[in-house]
Each structure stands twice: as structure tokens, then as C-alpha cells.
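Undergrad: Provided below for reference: sequence and predicted model.
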Amino acid sequence: QAIDDDCNQTGQLLAAMLDWPQATFASRVDLEAGAVQVQREVDGGLETLRLRLPALITADLRLNEPRYATLPNIMKAKKKPLEVLDWAALGVPPPLPRLRVLVVEEPPARGGGERVDDVAALVDKLRQCGRI
């Protein structure tokens, strides 16, 4: 589930950035040689798309029947060792850093509040501070 308020933006934006063909709300996916056939539900029935690979596909709820893990299997999975691979083991160069941290510092401490007698004094104080 995307974090874009379920507005179907993440998959489409990523496909545009990668310049890949896209199929949204896939309810069935069949791989072919160098292509993929995607079936999706539309207002008028079913629509079938054939896309060349690589392609970006977003899923509909009906695409898969989820399997739920049982408690014994969850406990077994906790005991399994986790294999960590580095970039060289995968034959992929490490990505270049896109960000550089220049400075990390705490924000200034917040000053205490001030009481004023009336609204006119508040407005005057805000003008002196440059807030209005």
C-alpha cells in the first residue's frame, strides 16, 4: 500500500521517472518472452494490456490471495540466520551518494513565554519583535 494517500501517484511517478511502460491496478499478470500481459478491471469490464519489459505494475487487491503466517512458522523464522550481502557480492556498483551532510546541530533553545496585560500590549509586543 502506497503512502501517497492511496491516490495512485507513487507507481505512476516512478514509471515516469524511469521512462518505463506502466499498468495500474493489475488483477492478473502473465509473463511472456520480453513482455508482460496485464489484466485490469475498468468501468466497462476487463482491459488487457501487453507491455514490453522492463515495466512498472501496480497491484489491485484481487491480484493475489495472501498467505498468513502461523505462530510456529513465525517462531521458526526468528531463529533463521539473516544473510547480508554487500554490493560486490551482487555484482552491482554501490550507488553514489546523492546527499551530503554539511552540519548537524540542535535547534536553539526555546525562550520562555511572556504575559501581556491586554490585546493592545500584545499587538505592540508583536510589532517590536517584527512578527507583524
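TA: Alright, I've got the coordinates. Numbers count the residues shown, from 1 in each chain.
Undergrad: SS state for Arg40?
TA: strand (DSSP: H, G, I helix; E, B strand; the rest coil).
Undergrad: shouldn't it be in contact with Thr24?
TA: Yes: the pair Arg40 and Thr24 passes the contact test of Cβ atoms under 8 Å, sitting 7.0 Å apart. For the C-beta atoms, the positions are set from N, CA and C on the backbone; glycine is no exception.
Undergrad: Between these two, which is the more surrounded one?
TA: Arg40 (21 against 16; other Cβ atoms under 10 Å).
Undergrad: In the sheet, which residues pair with that one? Tell me.
TA: Beta-bridge partners for Arg40, by DSSP bridges, are Ala26, Glu47.
Undergrad: so who does it touch?
TA: Counting by Cβ atoms under 8 Å, 6 or more residues apart in numbering, Arg40 makes contact with 23-27, 46-49, 60.
Undergrad: if we go to 10 Å?
TA: Going by Cβ atoms under 10 Å, 6 or more residues apart in numbering, Arg40 touches 23-29, 46-49, 57-60, 62-63.
Undergrad: Now list the buried members of those.
TA: Using 16 or more other Cβ atoms under 10 Å as the burial test, the contacts of Arg40 include 23-27, 29, 49, 57-59, 63 as buried.
Undergrad: Helices - which of those residues land there?
TA: Among the buried ones among the contacts of Arg40, no residue falls in helices (DSSP state H).
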